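1. structure of the sequence below:
(4 chains)
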2 protein chains.
Amino acid sequence: MKDTRSDLVRLIKSGYCAPRIAGIAKRLRQPATTIHYNIKQMEREKVIRTYKAVFDYKKIDEGFCTYVLISLAPEEYADPERIAKELAKFEEVESVDVITGGWEIIVKIRTENIEAYYGFMRTVLTRRGIAKTTSLNSMRQLKSEFVEF
Amino acid sequence: MKDTRSDLVRLIKSGYCAPRIAGIAKRLRQPATTIHYNIKQMEREKVIRTYKAVFDYKKIDEGFCTYVLISLAPEEYADPERIAKELAKFEEVESVDVITGGWEIIVKIRTENIEAYYGFMRTVLTRRGIAKTTSLNSMRQLKSEFVEF
DNA sequence: ATGCTATTTGAATAATATTCAATATTTAAT
DNA sequence: ATTAAATATTGAATATTATTCAAATAGCAT
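-> Presented below is the predicted three-dimensional model:
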């Protein structure tokens, strides 16, 4: 058996999907061409960024979810985006925001389990510029990516 | 002009999309029927929960993004999910998690602006059971829903 | 090796997206 | 209010894509 599944997951995690125009048209009781026109317009204007799949993350070995609050070292205050951009590159990272409040960055991370998270933490969240981290572990996810569980 | 757009946004925000099998097949250099078989399997097994659109949220009047750390009142400790579930119902809420650490719940909220957020905060985040909230405003989003900006 | 089950695949069909041209609606200027 | 220009809606025709089906192949347990 080929391992098609992980390739598939990787692709549809952030793209390779499309709107179901016929279904939308039926639901909104409008001609498919009208729906098509409006959606293409939103795509052209970049209102829609992409289409993607949402997973049951436990079933794709990303069941362990953590929010990490990051305090930067003073020398990074001038440009918190530098580190934020670096963090965004990792596939384990679902989201990265530069924030106000007691911390500079919040990152949402999905790994298989606590060991994998510990590994990520040690290799990534200990780099120069990151002064301190606070991990908030998700024990239960009621909603994610606007999708209720 | 009909207001097709907001209907459209509402629908594709959490569904009414599908994988582009032909595109995936070409990319992975595999027959479309093989891709189709594997994807249908993942759908049956509920590995894939749904397909959805990702937006440039500023362009759909959801540009103001906040993470809220919630401390529950002691009488809610036994069942933090009760309140978490309630919060998940609001369309402004992107995600809700019950967490470990200094707070019980973390919520990600998207509103048009700070006034709309204030309104949400006053009506929703002040209900019985919620003892204290800490708002972390997103000043810049580098990644969201696994999609880099 | 044998049989059994799960997966892969190509050919045929069904369904859907897209294009195009015509019509209707909105917008802005006078 | 009238007009002209730009934008949006729509049905019919076409192109593309998903899906079904049957056959072939590969994996697995005994």
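2. so what's the residue nearest to residue A:117 when sequence neighbours are not counted up against?
-> Spatial nearest neighbour of residue A:117, chain neighbours left out: residue A:111 (4.5 Å); criterion: Cβ to Cβ, 6 or more residues apart in numbering or on different chains. The C-beta positions use only the backbone N, C-alpha and C, and glycine is treated the same way. Residues near residue A:111 by Cβ atoms under 8 Å, 6 or more residues apart in numbering or on different chains: A:62, A:64, A:66, A:92, A:117, A:119-120.
3. which residues does residue A:111 bridge with?
-> Residue A:111 forms beta bridges with residue A:64, as assigned by DSSP bridges.
4. and it, how far from chain B?
-> According to Cβ to the nearest Cβ, to the nearest Å, residue A:111 stands 14 Å off from chain B.
5. so what pLDDT did that residue get?
-> On pLDDT, residue A:111 comes in at 97.
6. next: residue A:127.
-> At residue A:127, pLDDT is 86.
7. list only those of the contacts of residue A:111 flagged as buried.
-> Among these, those scoring as buried are A:62, A:64, A:66, A:92, A:117, A:120 (criterion: 16 or more other Cβ atoms under 10 Å in any protein chain shown).
8. closest to residue B:45 among those?
-> Nearest to residue B:45 out of these is residue A:62 (Cβ to Cβ; 15.6 Å).
9. make sure I have this right: that closest one is in a helix.
-> No. Residue A:62: not assigned to a helix; according to DSSP: H, G, I helix; E, B strand; the rest coil it is coil.
10. contacts only, for it.
-> Shown in contact with residue A:62 (Cβ under 8 Å, 6+ apart): A:55, A:92, A:110-112.
11. buried residues in stretch A:11-23?
-> By 16+ other Cβ under 10 Å, the buried positions in stretch A:11-23 come out as A:11-21, A:23.
12. next: stretch A:63-77.
-> Neighbour counts over stretch A:63-77 (16+ other Cβ under 10 Å) mark A:64-70, A:72, A:76 as buried.
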